[in-house]
Each structure stands twice: as C-alpha cells, then as structure tokens.
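>>> take this sequence and fold it.
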Amino acid sequence: MDFGAKRALFVDAPLARTPVEAEQGRLNTMVGADEAVFARLKPVLSAFCENVIHAGPPGHGHTLKLINNFIAQAIATATAEALAAAAKSGLSIKKLHEVISAGAVNSGIFWATKDSLTRIGHNGADPGLVTMMLSDVDKRVGVILFVNTAVRQEDGAVYGAIFEDLWKLGVALGGGLTVPPPSR
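As a prediction, this is how the structure comes out:
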C-alpha cells in the first residue's frame with residue numbers, strides 16, 4: 001500500500017525488554033520509519049524508551065525485533081541445554097556460573113534463563129522468562145522461519161535449516177506445534 005499517496009505515515013516500532021523495564025520507562029524500541037518521521041517521533045518514544053534505535057525504513061523495526069528474538073531464544077535454548085548437560089555430568093552448576101560470569105558468554109539472557117530454570121528445578125516456582133519466551137511460540141517460530149527462509153534463499157543460512165528440521169521432528173513426535181514451517 002502506498003501510504004504517501006494517501007497522505008499517511010507508516011511506522012513500526014516494536015518494543016523489547018521486560019515488564020520491569022516498562023514500569024521504569026526503560027524499554028527498547030526498534031523503529032521502522034523514514035528519517036524525517038523518525039526524527040519527529042524520537043522525543044515521544046524517548047519518554048518511555050531508554051534506547052530508541054532507527055532500524056531503517058518502515059517494516060525494518062519488526063524485522064529487527066524478530067531477529068533480536070531469534071538470537072535471544074537461541075541463547076536461552078543453549079543455556080538450558082548447557083545447564084542440563086552440566087547437571088547430568090555432575091559438574092557444579094555454581095562453577096559453571098562462575099566461569100560464564102567471567103567471560104564473553106555472560107549475558108542478561110543467560111542469567112534470566114539460568115535463574116528461571118534454577119527456580120523450576122529447585123522449588124517449582126514460576127518459570128518467569130522461560131514462560132514469557134515460550135508464550136505464543138508457534139506464532140514467533142512461524143514468523144522466524146518465514147524470515148529465515150527468505151534469508152536462506154540468498155545465502156544458505158545453516159542454523160535456519162537445522163532449526164526447521166528440528167521443528168519438523170518436534171511436530172512428528174507430537175510436540176503440539178501448530179504453525180507449519182515454510183518448505184525449503
């Protein structure tokens with residue numbers, strides 16, 4: 001649709017971070033808009049966003065958000081797998097935390113995932129971030145697969161292909177996933 005012909009502006013500005021940061025006015029937003037519109041909106045968005053990032057033209061805000069989520073979910077998944085492997089091998093989880101916190105692998109996603117999984121494992125408490133990340137996973141994964149398929153057609157992205165194969169395996173094993181991945 002040609003919004004300019006209708007004298008309308010189109011902007012996409014998805015938000016990131018948690019409800020805690022929202023209450024503090026410290027959200028992140030990734031804005032898809034032309035330069036002039038972004039310049040006009042930035043002061044408004046800055047009222048409740050700590051980081052206002054101009055992603056590019058309209059549509060790029062949501063694309064950046066999806067790719068950001070893809071990376072965050074990959075880190076959370078790797079963290080969960082690593083914690084399970086460490087626990088199964090008898091390794092001290094405390095020592096794993098110690099080495100992670102002292103190196104380049106340290107991240108907010110690592111700690112949030114570790115904290116959520118530790119609460120689940122020890123006392124059945126609310127899983128927090130894990131639940132938030134898994135909510136509407138069918139929709140998120142479907143869109144990520146769609147975006148990844150478009151990228152893979154141009155440069156042969158390896159992880160997207162692996163992820164798609166794992167998705168199909170999960171469906172075949174009765175994982176209850178409902179959004180079909182795009183075919184290669």
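
>>> can you pull the buried residues of the host helix or strand of N68?
For N68, the element it lies in under DSSP states H and E is helix 60-89. Going by neighbour count (16 or more other CB atoms under 10 Å), the buried part of helix 60-89 is 60-67, 69-70, 72-73, 75-76, 79, 82-83. (Each C-beta comes from the backbone N, C-alpha and C, glycine too.)

>>> what do you get for stretch 32-50?
32-33, 37-38, 41, 45, 49.

>>> nearest to V105, of these?
Here the nearest of the buried residues of stretch 32-50 to V105, counting by CB to CB, is C49; it sits at 27.5 Å.

>>> where does this protein have low pLDDT?
1, 113-184 (pLDDT under 70).

>>> could you list the domains of it?
Following the assignment in automatic domain parsing, the chain carries domains at 8-58, 62-135, 136-176.

>>> which helix or which strand is home to the closest residue to L9 other than its chain neighbours?
Spatial nearest neighbour of L9, excluding adjacent residues (CB to CB, 6 or more residues apart in numbering): V37 at 5.3 Å. Using DSSP H and E, V37 falls within helix 35-45.

>>> who does that helix touch, helix- and strand-wise?
If you count contacts as 3 or more CB pairs under 8 Å, 6 or more residues apart in numbering; DSSP states H and E, helix 35-45 packs onto strand 27-32, strand 49-56.

>>> please identify the deepest-packed of the ones you listed.
Stretch with highest mean neighbour count among the helices and strands packed on helix 35-45: strand 27-32 (a mean of 22; mean count of other CB atoms under 10 Å).

>>> returning to what we had before: Throw the helices and strands packed on helix 35-45 into CSV and include distance to G103, thanks.
Formatted as CSV, the helices and strands packed on helix 35-45 follow (distance: least, CB to CB, whole Å):
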stretch, distance to G103
strand 27-32, 24
strand 49-56, 25
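
>>> for those, which one sits closest to K95?
Judging these by CB to CB, what sits closest to K95 is strand 27-32, at 32.5 Å.

>>> got the contact list for that closest one?
Strand 27-32 is contacted by residues 11-17, 21, 38, 41-42, 45, 48-65, 68 when judged by CB atoms under 8 Å, 6 or more residues apart in numbering.

>>> still on that earlier bit, neighbouring contacts of the helix holding V37?
So helix 35-45 is contacted by 9, 11, 13, 29, 31, 33, 52, 54 (CB under 8 Å, 6+ apart).

>>> can you put those residues in a markdown table and add distance to G90?
Below are these laid out as a markdown table (distance: CB to CB, whole Å):
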| residue | distance to G90 |
| --- | --- |
| L9 | 59 |
| V11 | 53 |
| A13 | 47 |
| T29 | 44 |
| V31 | 48 |
| A33 | 53 |
| V52 | 47 |
| H54 | 49 |
